[in-house]
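K.L.:
pasting a predicted model and its sequence here:
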Amino acid sequence: MNRHQFLTGTIPLNLLDKFKSNELILIHMLTLACRDVGQNCDCIVQGETEEVLMKNAAEHAVKDHGYTEEDIMTPEMKDRIKSHIRKS
Ligand SMILES: [Zn+2]
């Protein structure tokens, strides 16, 4: 076996990628507790970016709380949601 190939094989690189992606999630995952926005609900909405989180929160509110997209996407509601976003 070629010693150089062994040392730079795919296993250590895969582990490094896994480590990097985990780290990325830990650093960038944002959460929103539905209860904090005034709902009687234990859901935690997550997203890697504020944009994704807003989208997920809107989907959840429409699906589980009977809101319409228009209700959620008002500047007031957006500000309210944004003010409760936590970085995990
Ligand atoms: Zn909810």
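P.N.:
Thanks, I have the structure now. Since the model is a prediction, treat every value here as computed from it, not as a measurement.

K.L.:
every contact and neighbour count from this point should use C-alpha atoms.
P.N.:
OK.

K.L.:
I figured G47 hits N56, correct?
P.N.:
Yes - with contacts counted by C-alpha atoms under 8 Å, G47 reaches N56, the gap being 7.1 Å.

K.L.:
the more surrounded of those two?
P.N.:
G47 (20 against 16; other C-alpha atoms under 10 Å).

K.L.:
what's near enough to touch that one?
P.N.:
29-31, 53-54, 56 (C-alpha atoms under 8 Å, 6 or more residues apart in numbering).

K.L.:
so which of those sit within helices?
P.N.:
With helices taken from DSSP state H, the overlap with the contacts of G47 comprises 53-54, 56.

K.L.:
returning to that earlier point: and the least confident of the contacts of G47?
P.N.:
Within the contacts of G47, M29 has the lowest pLDDT, namely 85.

K.L.:
once you drop chain neighbours, what's closest to it?
P.N.:
Excluding the flanking residues, the one nearest M29 by C-alpha to C-alpha, 6 or more residues apart in numbering is E48, at 4.5 Å.

K.L.:
quick one, phi/psi of the one you found?
P.N.:
For E48, the backbone dihedrals are phi -80, psi -30 (criterion: degrees, to the nearest 10).
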